[in-house]
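> How does the following fold in three dimensions:
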Amino acid sequence: SLKQWILQDHNVIIMGPPGAGKTSCSKLLADRLGVLPFDIDDDLLEPFWNCSVADKLKEVGDDKFVEVEGLVTKNLQVTSRVVALTGSNPLHEEAMVSLKTKGVIIFLDVPNADITARLERMKVNRIVGQGTKSFDDILNYRRTFYEKYYDVRALVPSNSSVEQCVDVLLSSLMRYYNHVVTGPPSRFESTRSSVTTTFDQIVMKGLAPDGGLYVPMDVPQFSMGDLERLVEVSGSYADLALRVLERWIPEYHPSFLKTIIDKAYHYPTRFNDPSIAPLLPLGDHQYLLELFHGPTASFKDFALQLFPQVFDRAASQGKDKYCILVSTSGDTGSATVHGFCGQTDMPVVVLFPEKGVSAVQKQQMVTFRSPNLEIMAIDSDFDFCQTSLKKIFNDSHFADLLQQELKMKASAANSINWGRLLPQVVYHVYAYLTLVRRGDIRLGDPVDLCIPTGNFGNILSALYAKQSGIPYRRLICASNDNNVLSDFIRSGEYDITQRNLRVTSSPSIDILKSSNLERLLHLLTQGHRKEDISQYFQDLDHTKHFKVDAQLHQSIKDIFLGDWCSQEDAKTAIADTYRSLGVVLDPHTAVAKVVSDRFRSPGDETKVIIASTAHYAKFPEAVLQALGNQVASDAQLTTLMNELEALPKKTLAHPILIQCCQELTRNCIQCPADVEVIKSHILTFLRRCTR
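Numbers count the residues shown, from 1 in each chain. The predicted structure is shown next:
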């Protein structure tokens with residue numbers, strides 16, 4: 001099929017630096033595909049000029065060479081060939097715009113060190129435009145042009161032979177053909193049935209029509225050679241994210257991905273630390289992955305600065321209008337508001353438990369100013385909010401009413417939406433590769449990862465990173481007093497029959513019904529036990545209990561460890577960490593620190609990354625009390641924030657948090673724990689938005 005497509009007047013165009021091996025690779029690739037190669041230097045430029053490229057360069061000089069070369073190249077007339085560009089072709093915009101209409105452009109992304117060594121062996125002492133620059137400098141400069149024009153990247157491991165380079169080229173070409181040329185494949189399936197659909201559709205739908213969650217049918221694989229290449233770019237979060245998401249979302253053109261990634265993870269307009277996700281050494285082989293430098297000071301920003309742009313693109317492909325519905329235990333709400341209301345004109349409705357979020361978390365939501373925003377404080381807990389949302393999404397009458405009256409559909413921004421979960425995979429890849437880049441570990445060394453866990457989304461994204469090739473050893477699930485997940489990992493039994501949700505100082509993990517656990521069970525059974533999984537979660541809804549079999553339970557224990565931490569232990573961890581290191585932990589990170597410490601074995605030098613999921617200033621009262629400060633029951637938020645920020649510490653203040661605590665505007669309605677009343681409020685709001 002690929003060969004037939006090429007023979008239908010399509011070219012495969014190989015682009016890359018001088019010395020990358022484009023000519024050799026094009027000949028071998030053409031041979032494998034059963035078509036003819038075409039070399040721009042040998043088969044176009046030299047016959048046209050009637051002299052060698054080297055002679056032409058001497059004649060016109062560096063300054064004019066790119067122009068005269070480009071004017072010839074833009075008129076390329078061949079079809080059904082594997083074309084090898086020159087290293088300087090991409091410097092001529094008009095030529096590249098023309099070439100993009102004549103075939104698929106593959107970026108032969110070879111390590112600079114390999115290119116430099118090859119050029120030295122070829123006794124090449126200068127390349128076009130080099131001037132006084134070193135080989136490395138000119139190659140990095142050229143890369144900015146290559147990054148503009150390619151359709152698919154062929155990431156070549158270090159020290160690859162020509163045959164190995166062609167293997168990578170062919171694999172990349174097939175990825176492009178299967179996901180772009182033949183149309184986006186239905187590569188996502190429901191956890192509960194044979195329902196499948198495309199990436200754009202799962203982004204817009206959120207839940208599957210059978211009540212299940214969408215999951216990818218295949219996980220992209222990164223070899224050790226791939227990871228070695230990714231280490232090279234891991235100093236830039238955005239550059240790494242691009243290379244990772246190119247594999248996870250091959251349907252999207254790299255230029256689009258680069259645009260939305262650069263916008264989402266921009267310093268300083270979106271994130272207040274140039275590293276985006278700094279990794280702070282704590283001693284005793286532990287590291288703190290700071291995921292709170294985004295605009296709403298929690299790890300949810302990593303997904304919700306990117307996801308709205310993805311959603312907007314997916315929605316723009318059709319005629320339907322969309323509204324976003326989200327339930328939150330604290331952080332998702334403000335991150336959704338900032339992400340969607342700050343970047344799209346879609347109406348957004350947020351449900352949160354009135355007494356189940358911190359004062360700052362609530363302030364972040366209710367002070368955001370937007371005519372397209374409705375904040376609803378529900379007189380119940382997060383589990384009720386999340387269950388209500390699922391009922392609304394599965395209510396066909398409500399969906400018909402939205403469609404018929406408002407010409408609108410509803411979608412989710414919670415981690416029940418795979419598109420919301422996916423961006424979180426990136427920072428788990430980034431954390432591991434950062435340890436390698438800094439020399440703290442060697443590539444391939446095992447690392448443990450401890451995550452405060454409630455809805456299982458963050459730790460599930462870590463599992464997907466592990467499944468794709470990141471050498472995480474153990475994934476440690478850290479629970480608070482609502483320890484249903486850690487109990488499940490130990491026993492294989494999910495039992496909430498005798499549990500009531502406890503409100504703690506770590507509200508984002510005050511959850512008893514963990515939605516993403518369904519995805520875990522699907523992944524570990526490789527999608528072969530959908531009926532069992534469907535029954536498990538129907539039982540959970542109806543009887544508040546299910547138990548997995550011994551084999552599945554062992555699969556869970558092979559990967560996960562789980563334990564829980566009391567509020568008193570979390571307070572102690574905050575105080576001890578501050579006294580010993582000058583680092584202030586938020587209550588969720590403190591839970592993870594306590595649990596991580598419990599699993600440290602004497603003499604075990606395995607590195608442990610602790611996910612710090614929120615900035616401490618989101619919980620000023622709890623943190624100040626843990627540090628021994630007296631906190632008045634009627635203390636104003638601004639007073640608490642000022643007191644907290646006066647402490648000497650390593651982690652700086654979060655300016656947006658301080659600013660929002662000074663806001664007086666409120667946008668919030670009170671709502672009883674009644675799904676019908678909630679639906680009525682949503683309809684009233686959406687009618688107002690569409691007037």
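
> From V168, how far out is D239?
Computed with Cβ to Cβ, to the nearest Å, the distance linking D239 and V168 is 19 Å. C-beta here means a position set from N, CA and C on the backbone, and glycine is covered the same way.

> So those two - more neighbours on which side?
Under the criterion of other Cβ atoms under 10 Å, the comparison of D239 against V168 puts V168 first, with 23 against 18.

> looking at this, the more buried one is in a helix?
Yes: looking at V168 with DSSP: H, G, I helix; E, B strand; the rest coil, it is inside a helix.

> quick check: longest helix of this protein.
Scanning the chain for the longest helix, with DSSP state H as the assignment, gives helix 53-73.

> same for that one, what does it pack against?
Helices and strands touching helix 53-73, by 3 or more Cβ pairs under 8 Å, 6 or more residues apart in numbering; DSSP states H and E, are helix 46-49, helix 93-99.

> which parts of the shortest one are buried?
For helix 46-49, burial by neighbour count (16 or more other Cβ atoms under 10 Å) applies to E46.

> next one: the longest one
Across helix 93-99, burial judged by 16+ other Cβ under 10 Å covers 95-96, 99.

> Where do the helices of the stretch 351-500 of the chain begin and end?
Counting by DSSP state H, counting those that start in this stretch, residue ranges of the helices within the stretch 351-500 of the chain are 359-366, 382-393, 396-401, 418-421, 423-437, 457-467, 484-491.

> which element follows the longest helix of the chain toward the C-terminus?
As assigned by DSSP states H and E, the chain's next helix or strand after helix 53-73 is strand 81-84.

> Pull the distance from that following strand to the chain's centre.
Going by Cα atoms, centre = their mean, to the nearest Å, the spacing between the C-alpha centre of strand 81-84 and its chain's C-alpha centre is 34 Å.

> now for that strand, which elements pack on it?
Strand 81-84 is packed against strand 11-15, helix 22-33, strand 36-39, with contacts defined by 3+ Cβ pairs under 8 Å, 6+ apart.

> pull the CA atoms of it into PDB?
Taking only C-alpha atoms (Å, rounded to 0.1, in the frame of the first residue of the first chain), the coordinates of strand 81-84 have been written out as PDB:
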ATOM      1  CA  ARG A  81      11.000   9.000  -6.100                       C
ATOM      2  CA  VAL A  82      13.000   9.000  -2.800                       C
ATOM      3  CA  VAL A  83      14.500  12.400  -3.000                       C
ATOM      4  CA  ALA A  84      17.700  13.400  -1.000                       C
END
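
> mean confidence for that strand?
Mean pLDDT, strand 81-84: 98.

> Outside of that strand itself, list whatever touches it.
Identification of contacts with strand 81-84 by Cβ atoms under 8 Å, 6 or more residues apart in numbering yields 11-14, 22-23, 25-27, 29-30, 33, 35-41, 76, 103.

> go again using 7 Å as the cut-off
For strand 81-84, contacts defined as Cβ atoms under 7 Å, 6 or more residues apart in numbering pick out 11-14, 22-23, 26, 29-30, 33, 35-40, 103.

> check contacts around Y536.
521, 546.

> Quick one: name whatever helix or strand follows the helix or strand in which it is found.
Counting by DSSP H and E, the element that carries Y536 is helix 530-543. Tracing the chain past helix 530-543, the next element assigned as helix or strand by DSSP H and E is strand 545-547.

> State the pLDDT value of D63.
For D63, the model assigns a pLDDT of 83.

> Quick check: it vs V128, distance?
Between D63 and V128 the distance, using Cβ to Cβ, works out to 10 Å.

> Of those two, which one has the most company?
V128 (20 against 9).

> coming back round to it: may I see the buried residues of helix 93-99 organised as CSV, with distance to K319 and pLDDT added?
CSV is the format used below for those (distance: Cβ to Cβ, whole Å; pLDDT from 0 to 100):
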residue, distance to K319, pLDDT
A95, 38, 98
M96, 34, 98
L99, 34, 97
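
> which one of these is nearest F619?
Using Cβ to Cβ, M96 is the member of the buried residues of helix 93-99 that lies nearest F619, at 51.3 Å.

> got the contact list for V231?
433, 436-437, 443.

> could you dump those to TSV with distance to Y287?
Supplementary listing: the contacts of V231 in TSV, determined by distance: Cβ to Cβ, whole Å:
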residue	distance to Y287
L433	13
V436	13
R437	13
L443	17
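
> Just the closest of those to K513, please.
Looking across the contacts of V231 and measuring by Cβ to Cβ, the closest to K513 is L433, at 33.9 Å.

> is it true that the closest one touches R229?
No: the pair L433 and R229 fails to qualify as a contact (Cβ atoms under 7 Å) at a distance of 10.2 Å.

> any residues in contact with both of the two?
Applying Cβ under 7 Å, 6+ apart, one finds that no residue jointly contacts L433 and R229.

> So if I had to pick from these two, which one is more boxed in?
Remark: of L433 and R229, L433 carries more neighbours, 23 against 20, as counted by other Cβ under 10 Å.

> Now do the contacts for that one.
So, once contact is read as Cβ under 7 Å, 6+ apart, L433 ends up touching 227, 230-231, 234, 240.

> Likewise for Q424?
If you count contacts by Cβ under 7 Å, 6+ apart, Q424 has them with 302-303, 457-458, 461.

> so which of those residues comes closest to T589?
In terms of Cβ to Cβ, no member of these lies closer to T589 than N458, at 12.2 Å.

> if we can go back for a sec, would you turn the helices of the stretch 351-500 of the chain into JSON lines with distance to T86 and mean pLDDT?
Written out in JSON lines, the entries for the helices of the stretch 351-500 of the chain read as follows (distance: least, Cβ to Cβ, whole Å; pLDDT from 0 to 100):
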{"stretch": "helix 359-366", "distance to T86": "53", "mean pLDDT": "95"}
{"stretch": "helix 382-393", "distance to T86": "53", "mean pLDDT": "94"}
{"stretch": "helix 396-401", "distance to T86": "55", "mean pLDDT": "96"}
{"stretch": "helix 418-421", "distance to T86": "39", "mean pLDDT": "95"}
{"stretch": "helix 423-437", "distance to T86": "32", "mean pLDDT": "98"}
{"stretch": "helix 457-467", "distance to T86": "38", "mean pLDDT": "98"}
{"stretch": "helix 484-491", "distance to T86": "57", "mean pLDDT": "98"}
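
> out of the ones you listed, nearest to L644?
Closest of these to L644 is helix 359-366, at 10.3 Å (criterion: Cβ to Cβ).

> just checking, what packs against the closest one?
On a contact count with 3 or more Cβ pairs under 7 Å, 6 or more residues apart in numbering; DSSP states H and E, helix 359-366 meets helix 331-336, helix 637-645, helix 655-661.

> Send me it as PDB with only the CA atoms.
Extracted in PDB, the C-alpha atoms of helix 359-366 (Å, rounded to 0.1, in the frame of the first residue of the first chain):
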ATOM      1  CA  ALA A 359      -9.800  28.300  50.700                       C
ATOM      2  CA  VAL A 360      -7.200  29.200  48.100                       C
ATOM      3  CA  GLN A 361      -8.300  26.500  45.700                       C
ATOM      4  CA  LYS A 362     -11.900  27.900  45.900                       C
ATOM      5  CA  GLN A 363     -10.600  31.500  45.600                       C
ATOM      6  CA  GLN A 364      -8.800  30.600  42.400                       C
ATOM      7  CA  MET A 365     -12.000  29.400  40.800                       C
ATOM      8  CA  VAL A 366     -14.600  32.000  42.100                       C
END
